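In: only geometry, no sequence info:
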């Protein structure tokens, strides 16, 4: 297998890695309890999705 003859510069490596950064997950507010939740997922606080209760959430601490 061929190997590189010279090492890549830091600038070239940085250009390649420019799009590898992690970004914060997108969130929406739950229409039932106004808590942030992931889109297209059941709300972890109240258990509602699309206007109805899908999962029963235990409210005891």
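Out: Arrived safely. The structure displayed is predicted, hence computed values, not measured ones.
In: which stretches of the protein have low pLDDT?
Out: Flagging of the chain using pLDDT under 70 yields the residue ranges 60-61.
In: Quick check: closest non-adjacent residue to the residue positioned nearest the centre of it.
Out: Centroid-nearest residue in the chain: residue 25, 3.1 Å away (criterion: C-alpha atoms, centre = their mean). Nearest non-adjacent residue to residue 25, counting by C-beta to C-beta, 6 or more residues apart in numbering: residue 38, 6.5 Å away. Quick note: C-beta positions are derived from backbone N, CA and C, even for glycine.
In: That neighbour: neighbouring residues, count only.
Out: 12 (other C-beta atoms under 10 Å).
In: Wait, it touches residue 26, no?
Out: Yes - counting by C-beta atoms under 8 Å, residue 26 is a contact partner of residue 38 at 7.4 Å.
In: how about the helices in this protein?
Out: Here the chain has its helices, by DSSP state H, at 10-16.
In: Can you show me the strands along it?
Out: All strands of the chain, identified by DSSP state E, fall at 28-29, 36-37, 48-49, 52-53.
In: dump the residue contacts of residue 19.
Out: By C-beta atoms under 8 Å, 6 or more residues apart in numbering, the contact list for residue 19 is empty.
In: Could you report the separation of it from residue 5?
Out: The gap separating residue 19 from residue 5 is 27 Å, by C-beta to C-beta, to the nearest Å.
In: Residue 14 too?
Out: According to C-beta to C-beta, residue 14 and residue 5 sit 21 Å apart.
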